[in-house]
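Chemist: Show me the folded form of this:
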Amino acid sequence: MSRNYRYRVVDVFTHRLLIVHTDADAVDALTTSALELGFDVDWAADVDTIERLTADEHDTIWLDLALGDFDGIRVLRLLRERQPGVAVVLESDSDASVLLAARRVAERSGLRVVDTVS
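Modeler: The predicted model follows:
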């Protein structure tokens, strides 16, 4: 007797990316790439949204260090308290010393810096 089985592949792992960035064009490009890779994407560009979304669990945070009123170092401190050990990608248009300093702050806070982008 033969049996016909139907299988459905279900991705039980949801990969969540939080993009903390104020440049909408950069966010669009990052979001497009992340969605193609299977991430669910959240975006925060203002203080209230940053504070609200950093309370949620994410697998990876893409953090532009130049956020205007709410600097990236402050976001790193929030992440240390709310999402210890989360993977972080740091971005800065400043010179390499800014990225290096931010990387040190993040790593000393227990965050995993997986890449830096300038």
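
Chemist: Same question for stretch 108-118: list its buried residues.
Modeler: 109, 111, 113, 116 (16 or more other Cβ atoms under 10 Å). To be clear about C-beta, it is placed using only N, CA and C from the backbone, and glycine gets the same treatment.

Chemist: Just the residues you listed: which are in helices?
Modeler: Applying DSSP state H to those, no entry is found in helices.

Chemist: Nearest to Asp71, out of those: which one, please.
Modeler: Checking these against Asp71 with Cβ to Cβ, the nearest one is Ser109 at 14.6 Å.

Chemist: now the closest residue to that closest one other than its chain neighbours, what's its secondary structure?
Modeler: With sequence-adjacent residues excluded and distances taken as Cβ to Cβ, 6 or more residues apart in numbering, Ser109 is closest to Arg80, at 3.8 Å. Under DSSP: H, G, I helix; E, B strand; the rest coil, Arg80 falls in the helix class.

Chemist: tally of neighbours for Arg80?
Modeler: Neighbour count for Arg80, taken as other Cβ atoms under 10 Å: 17.
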